[in-house]
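Asks: task: produce atomic coordinates for the following.
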Amino acid sequence: MLNSLKHIFNLKKVKWLSNFNESENEINFSFKSQASFKYLESDKFSIDDAKGKCLSFITSTPTNLSFIIIYFNGSEKLSLQGFYSHKIQELIIPIDATHFKLCLRVVPSENININYFKFTNKINIEKDYLNLFSFKAQFNECKPSIKQVKIIIETLFCDTEKNEITLDKYLSFLEAQLFIYSQNQYNIENIYWVVHISSDKQKYINKINIFKKKYSIKNIYINIYNHLKSYQSNENSIDKRVKPNLFYPNYNRLFENFLKKLPRNFHLKNYIIRIGLDDDDFLSNDHYLKIFNTVKKYISNIKSNSETYIGFPECNLVYYKFDGKILLKKQILRRIMTGNRFVISYNKIPQTSPFSLTEDFTKQSSENYIIESSENPTFFYNRHGNNLSNNSKDHHTHTNISEIDFNNHQELLNYIISK
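Replies: The predicted model follows:
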């Protein structure tokens, strides 16, 4: 019974689903509601039905569909666990759980196809996977075709900040990004992430090292630097006063020190990308795939220029409310935010810092500035009230795509790692 969505949710009676059909090997339906997303919730099942089980499903096309299991002790809700396409995930059952519910979370889509859904033990699912040609084909398509592309992600953690409450807050954002990165489903190699952090933050250096081990993350470098005795203090920009090491010429010494940690001839016959990521923003794992595909599209431009600058104007703007709820606005902006722009060179490491790239690519007439737009934002630009720059970005909005509400931070993270 738990392997049939028709019986679990009685989907045929759900008015906002259309064209519903469930055969032995395929479930097909459309979502005709205008709401940002919908939840279907099953009745409660005994926790005995969940012990030793895994849940796995495969969709034949990209989708934001996900399953969530809610664990209960009687009527008390204990925890949630998210499940995403193309993964075999074991149920993590709280010790005192007595019952559970299965939820289906659907986001608008023209057509949704689930061509595999199983709630059983891991051995049975692994056997099925070996025989699923459609799964193997789709998984291989996700892998980038350009093997020589190397991405350097650059993050500066809190620079001159000394307030521990603020530092702890930004560390929580950084840990969330590390968790998202650890869920990478495309097995993308050749990504090198450097976190620059000052030597006076030993407590946070230790914690980041703990996160590296906790999430089993490879190719992440902690680059420790010492503050200069003095910085220019006559800057009008608050960013430049609070984060002086993010800007020229200070940032150059940080990056040059990091390069010493990379293999010799790292750049030879390779496409080297430098992309900046602020310490409180997120990249979904689809972001790297989008970069790889864009590089492939503009390979001739990249080879013919010393440096090429590429930007994605589509953006997920994430607004954190004081009641803990979150509003996500999918928008196309007139400006290109830090995590959405990068510099790339062939056969050499770009000299331009990604943090120094202009937000307004439209003012650049050179052929080495490229704007690649879509309605699938993969960068999450977090706005949490007291960010250094202007919190609302509505004045930069070109097109509104859609909005999604989340009840808490964990719901947002579940959504991001399902991308």
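Asks: now do the strands in the stretch 251-400 of the chain.
Replies: For the stretch 251-400 of the chain, the strands defined by DSSP state E, counting those that start in this stretch cover 271-276, 282-283, 308-311, 314-320, 326-333, 341-346, 369-371, 379-383, 397-406.
Asks: which residues are contacting the longest helix that the chain contains?
Replies: Assignment by DSSP state H gives helix 164-182 as the longest helix of the chain. The contact list for helix 164-182, computed with Cβ atoms under 8 Å, 6 or more residues apart in numbering, reads 155, 157-158, 161, 193, 195, 201, 204, 207-208, 211-212, 215-217, 220, 277, 279-285, 382, 409, 413, 416-417. Backbone N, C-alpha and C define where each C-beta goes, glycine included.
Asks: and that helix with strand 379-383, angle?
Replies: Here helix 164-182 runs at an angle of 160 degrees relative to strand 379-383 (axes from the mean of the first three to the mean of the last three Cα atoms, to 10 degrees).
Asks: Leu40 is in contact with Cys103, correct?
Replies: Yes: when contacts are counted by Cβ atoms under 8 Å, Cys103 is listed as touching Leu40 (6.5 Å).
Asks: circling back to that earlier point, which among the contacts of helix 164-182 end up buried?
Replies: 155, 157-158, 193, 195, 201, 204, 207-208, 211-212, 220, 277, 279-285, 382, 409, 413, 416-417 (16 or more other Cβ atoms under 10 Å).
Asks: among the residues you listed, name the ones in helices.
Replies: Going by DSSP H, the helices hold 204, 207-208, 211-212, 409, 413, 416-417 from the buried ones among the contacts of helix 164-182.
Asks: can you list those residues in JSON lines and add distance to Phe322 and pLDDT?
Replies: Formatted as JSON lines, these follow (distance: Cβ to Cβ, whole Å; pLDDT from 0 to 100):
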{"residue": "Tyr204", "distance to Phe322": "26", "pLDDT": "97"}
{"residue": "Lys207", "distance to Phe322": "26", "pLDDT": "96"}
{"residue": "Ile208", "distance to Phe322": "28", "pLDDT": "96"}
{"residue": "Phe211", "distance to Phe322": "27", "pLDDT": "93"}
{"residue": "Lys212", "distance to Phe322": "32", "pLDDT": "91"}
{"residue": "His409", "distance to Phe322": "13", "pLDDT": "86"}
{"residue": "Leu413", "distance to Phe322": "20", "pLDDT": "90"}
{"residue": "Ile416", "distance to Phe322": "22", "pLDDT": "90"}
{"residue": "Ile417", "distance to Phe322": "25", "pLDDT": "84"}
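Asks: domains in the chain, by residue range?
Replies: Annotated domains of the chain cover 5-142, 149-417 [automatic domain parsing].
Asks: tell me the contacts of the residue most central in space within the chain?
Replies: What sits nearest the mean C-alpha location of the chain, by Cα atoms, centre = their mean, is Ser284, with 1.7 Å. Contacts for Ser284 (Cβ under 8 Å, 6+ apart) come out as 180, 378-380, 416-417, 419.
Asks: ranking those by neighbours, who comes first?
Replies: Using other Cβ atoms under 10 Å as the neighbour criterion, Phe380 leads these with 26 neighbours.
Asks: from Ser198, how far out is Tyr251?
Replies: If you measure Tyr251 against Ser198 using Cβ to Cβ, to the nearest Å, the figure is 13 Å.
Asks: what do you get for Val106?
Replies: 45 Å.
Asks: for this protein, name the helix or strand with the lowest mean pLDDT.
Replies: Ranked by mean pLDDT, DSSP states H and E, the weakest helix or strand in the chain is helix 133-142, scoring a mean of 38.
Asks: now do the buried residues in stretch 294-304.
Replies: Buried residues in stretch 294-304 (16+ other Cβ under 10 Å): 294-295, 298, 301-302.
Asks: off-centre distance for it?
Replies: 24 Å (Cα atoms, centre = their mean, to the nearest Å).
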